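Novice: for reference, the sequence and a predicted model appear below.
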Amino acid sequence: DAGVTQSPTHLIKTRGQQVTLRCSPKSGHDTVSWYQQALGQGPQFIFQYYEEEERQRGNFPDRFSGHQFPNYSSELNVNALLLGDSALYLCASSLAGGGRSYNEQFFGPGTRLTVL
Amino acid sequence: AQRVTQPEKLLSVFKGAPVELKCNYSYSGSPELFWYVQYSRQRLQLLLRHISRESIKGFTADLNKGETSFHLKKPFAQEEDSAMYYCALSDDYKLSFGAGTTVTVRA
């Protein structure tokens, strides 16, 4: 099992463009979370997808949207890119437990997005 | 709102010396806290969680609700402990991370 995989590894875009990042969860996992990690900071939660729906969202604008597919893989879309969107975007997968309990999140290597 | 604070950006210790990474949190409910580690050129991975009360790679962390702290400790640091360490708090389904502490263990 390769664990959580993300593509692409690196990406360079210009302001105003749109970008799509992809994530495949660890085998057997059904939940995907996305985080943004700016330089020198800890990861910041963007949102989480479970059963193809957004289950929880952090403090990010609507320019950030996502999707989860029936095979549990996920995409993160960012529209109207700003310079401040430059960051490492991390995907994490987990296996949903009952109720609201936490389950260990396994992280991917990340996608480095640079906005010029 | 929940918040995790790691006051030290950088920590340098000699091999064999004790190391302690500080983590303070604010949370209105009953917190679930974790330490994540990222070694050079590797992905972020879970080191330990407070509910398991176990020692991983010689590291331990005790949740102190009175002081709202979850400090990470190891009595004898090793060179392979050099890494970036993040304290994190679970709130429903999401993790809230601190800014991280870079630990360098010198020979």
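Specialist: Arrived safely, thanks for sending. Residues are numbered from 1 along each chain as shown, chains lettered A, B, ... in the order given.
Novice: mind listing what residue A:81 touches?
Specialist: By Cβ atoms under 8 Å, 6 or more residues apart in numbering or on different chains, the contact set of residue A:81 is A:13, A:14, A:15, A:16, A:17, A:18, A:19, A:115. For glycine as for every other residue, the C-beta is placed from the backbone atoms N, C-alpha and C.
Novice: in strands, which of those appear?
Specialist: A:13, A:19, A:115 (DSSP state E).
Novice: show me the shaky parts of chain B.
Specialist: Residues of chain B meeting the criterion pLDDT under 70: none.
Novice: quick one: contacts for the residue of it found nearest chain A?
Specialist: Residue of chain B nearest chain A, by Cβ to the nearest Cβ: residue B:97 (3.3 Å). By Cβ under 8 Å, 6+ apart, the contact set of residue B:97 is A:42, A:43, A:44, B:4, B:36, B:86, B:87, B:88.
Novice: separation between the nearest residue to it once chain neighbours are set aside and residue A:60?
Specialist: In space, and not counting its chain neighbours, residue B:97 is closest to residue A:42: 3.3 Å by Cβ to Cβ, 6 or more residues apart in numbering or on different chains. As judged by Cβ to Cβ, to the nearest Å, residue A:42 and residue A:60 stand 15 Å apart.
Novice: the two: which is more packed in?
Specialist: The neighbour comparison of residue A:42 against residue A:60 (other Cβ atoms under 10 Å in any protein chain shown) goes to residue A:42, with 21 against 16.
Novice: right, I'll leave it there.
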